[in-house]
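Peer 1: Sharing a sequence plus its predicted fold:
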Amino acid sequence: SQQGEEDPQALSIQEGENATMNCSYKTSINNLQWYRQNSGRGLVHLILIRSNEREKHSGRLRVTLDTSKKSSSLLITASRAADTASYFCATDEGGLTGGGNKLTFGTGTQLKVEL
Amino acid sequence: SQTIHQWPATLVQPVGSPLSLECTVEGTSNPNLYWYRQAAGRGLQLLFYSVGIGQISSEVPQNLSASRPQDRQFILSSKKLLLSDSGFYLCAWSVFDFTSGDEQFFGPGTRLTVL
């Protein structure tokens, strides 16, 4: 079953504007991660926020986590055309049998930043 | 630095033919390895994961199998492909941390089309 659900499914903004994407999930998590995927490419890890953290920054990225609401948001400030990509949240629910961490991905938000 | 390779990048195969996709990781030892499939416009679905040589766990029943003959090599196979096996296959690795979790690093992916 789908754990993370991103909102909106698609977002189109002008360069320089801020982009906000939201993610909701259903079960308890160890951490939540955001990934970026350019069309037809592999995923690139952006940021990880642990369940005991509420906010995290990395460059132009700001992630918040509200475990009481089971939701997270990703804010990209001063967007650039190169930020055009799909963005996925992934929840880490804990260890897999024998080790490893299972990530459950949402369906993603397609961001388009226009010049 | 660590790198992850996947090949081939694209593949077109007829229904009923066999499949072998390969993933190799460089620059790390004893990684956790993962195979995901991404259907068009969807998130990622975990297919298999491996915490060590010869140790394979399957997340969903399917027409595919996986093997890990060497520490940094992960292979996805099928004896007879189905139309429904079409998709974008991604390999990923991580180094597991029991206390905090870790991000996963993805390969460039293989686009498989079954005709």
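Peer 2: On my side now, so go ahead.
Peer 1: Which helix or strand contains the residue nearest the centre of chain B?
Peer 2: Among the residues of chain B, the one closest to the centroid is residue B:35, at 2.6 Å (C-alpha atoms, centre = their mean). Residue B:35 belongs to strand B:32-38 when elements are defined using DSSP states H and E.
Peer 1: In terms of secondary structure, what does that strand contact?
Peer 2: Secondary-structure packing of strand B:32-38 (3 or more C-beta pairs under 8 Å, 6 or more residues apart in numbering or on different chains; DSSP states H and E): strand B:19-26, strand B:44-52, strand B:73-78, strand B:87-94. No exception for glycine: its C-beta is placed from N, CA and C like everyone else's.
Peer 1: near chain A, which residues of chain B show up?
Peer 2: Taking C-beta under 8 Å from any C-beta of the partner chain as the measure of proximity, chain B contacts chain A at B:6, B:32, B:34, B:41-46, B:49-51, B:55, B:57, B:59, B:88, B:90, B:92, B:94, B:96, B:98, B:100-109, B:111.
Peer 1: Mark which of those residues are buried, thanks.
Peer 2: B:6, B:32, B:34, B:43-46, B:49-51, B:57, B:88, B:90, B:92, B:94, B:96, B:101-107, B:109, B:111 (16 or more other C-beta atoms under 10 Å in any protein chain shown).
Peer 1: I'd like the mean pLDDT over the lengthiest strand in chain A, please.
Peer 2: The single longest strand within chain A, with elements called by DSSP state E, is strand A:85-95. Strand A:85-95 shows an average pLDDT of 87 in the prediction.
Peer 1: what comes into contact with it?
Peer 2: A:3-4, A:6, A:21, A:23, A:25, A:27-39, A:43, A:46, A:72, A:74, A:101-111, B:43-44, B:96, B:98, B:101 (C-beta atoms under 8 Å, 6 or more residues apart in numbering or on different chains).
Peer 1: Just the pLDDT at the residue lying closest to residue B:108 once chain neighbours are set aside, thanks.
Peer 2: For residue B:108, the nearest residue in space outside its immediate sequence neighbours is residue A:42; the separation is 4.8 Å by C-beta to C-beta, 6 or more residues apart in numbering or on different chains. The score at residue A:42 is 90. That number is its pLDDT.
Peer 1: Ok, residue B:62 next?
Peer 2: Per-residue pLDDT puts residue B:62 at 80.
Peer 1: Number of residues surrounding it?
Peer 2: One way to gauge burial is a neighbour count; for residue B:62, by other C-beta atoms under 10 Å in any protein chain shown, it gives 15.
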